[in-house]
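[1] Sequence first, then the predicted structure, then my questions.
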Amino acid sequence: MKFFIDTARLDEIREAKSLGILDGVTTNPSLMAKAGIKGRENMLAHYQAIAREVAPGDVSAEVIATDYEGILREARELATLAPNIVVKIPIIADGLKAIRTLKDEGIRTNCTLIFSPGQALLAAKAGATYVSPFIGRLDDISHDGMSLISDIAVIFANYGFETQILAASIRHPMHIIESAKLGADVVTSPLKPLMALLHHPLTDRGLQKFLEDYRKAVEG
Ligand code: E4P
């Protein structure tokens, strides 16, 4: 399973990278705004900085256009920024058409805002490299986010789709564990749930005891 970090902040990307477990990055317009990136030129430069930081890992950069021609224009521009840029496109009719065209051009895509198995099936048929089911946002409205991951996994396995399942909208460490159990290819997580996987109170207590006993043995 691949670990992506869901942030546009370079400090967070570097922290996750320093752990040696980072495979890529996902961003979206909200995360870019949260990172304080303003203006189109600055955004493009920031995508390049992220892409350099995690190369050869994939970096998802999202289009803003919602019409076919506009999506294609933006996608082609984003794809020229770095070889590890994957263009993120929403699951709308023009997005689907654009995913097919971009696939034929050799441009990789991440189909985003997936909330149903049917949307994921369409994106896979169109040739998306990744689909991003949003688990947390479903849980937020009392739907079962995890069952979306398992439904998509069954459908993709039935037909041998190569499209990778990228579990997104992660809120807590159990979302990561459950996604791994269900066979998601990638989980993209904010730094906090990712770091929470590391900690266990019994590890802390056990380590403290080992160190105390060592000191007693050495120092008397
Ligand atoms: C990443 O690809 C998604 O845009 C992101 O995970 C959405 O997360 P949120 O629901 O916490 O905004």
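    Done, it's in.
[2] so residue 178 is in which element?
    For residue 178, the host element (DSSP states H and E) is helix 173-181.
[3] now swap in residue 111 and tell me
    strand 109-114.
[4] sorry, back to before: the helix holding residue 178 vs the ligand: in contact?
    No - using C-beta under 6 Å from any ligand atom, helix 173-181 stays clear of the ligand, with a minimum separation of 10.3 Å. In this view, the C-beta of every residue, glycine as well, is placed from N, C-alpha and C.
[5] For the chain, what lies in contact range of the ligand?
    6, 26, 28, 112, 132, 134, 136, 137, 168, 169, 188.
[6] ok, back up a step: partners of the strand holding residue 111 in the sheet?
    Sheet partners assigned to strand 109-114 using DSSP bridges are listed as strand 85-90 (parallel), strand 130-133 (parallel).
[7] hmm, back to that, who's in contact with the helix holding residue 178?
    Here helix 173-181 makes contact (C-beta atoms under 8 Å, 6 or more residues apart in numbering) with 1, 135-136, 145-146, 149, 167, 170, 187, 189, 193-194, 196-197.
[8] List just the nearest of those residues to the ligand.
    residue 136 (5.0 Å; C-beta to the nearest ligand atom).
[9] Now for that closest one: which residues touch it?
    145, 169, 170, 171, 175.
[10] Just to be sure, it is in a strand?
    No - in this structure, residue 136 is helix, not part of a strand, as judged by DSSP: H, G, I helix; E, B strand; the rest coil.
[11] Any figure for the gap between it and residue 164?
    Using C-beta to C-beta, to the nearest Å, residue 136 is found at 19 Å from residue 164.
[12] Return the distance of the spatially closest residue to residue 92 that is not a sequence neighbour relative to residue 119.
    Spatial nearest neighbour of residue 92, chain neighbours left out: residue 66 (6.3 Å); criterion: C-beta to C-beta, 6 or more residues apart in numbering. Counting by C-beta to C-beta, the gap from residue 66 to residue 119 is 16 Å.
[13] Comparing those two, which residue is more hemmed in?
    residue 119 (20 against 13; other C-beta atoms under 10 Å).
[14] List the residues that contact the more buried one.
    Residue 119 neighbours (C-beta under 8 Å, 6+ apart): 91, 111, 131.
[15] can you pick the most crowded of the residues of the chain next to the ligand?
    Going by other C-beta under 10 Å, residue 168 tops the residues of the chain next to the ligand with 30 neighbours.
[16] which one is that residue nearest to, not counting chain neighbours?
    For residue 168, the spatially nearest residue (C-beta to C-beta, 6+ apart) is residue 132, at 4.2 Å.
[17] mind listing what that neighbour touches?
    26, 88, 110, 111, 112, 113, 114, 166, 167, 168, 188.
[18] Quick check: phi and psi on the last one?
    Geometry field for residue 188 lists phi and psi as phi -110, psi 120, criterion degrees, to the nearest 10.
[19] Return the list of helices and strands in contact with the helix or strand containing residue 69.
    Assigned by DSSP H and E, residue 69 belongs to helix 68-79. Where contact means 3 or more C-beta pairs under 8 Å, 6 or more residues apart in numbering; DSSP states H and E, helix 68-79 is packed against helix 40-54, strand 85-90, helix 93-105.
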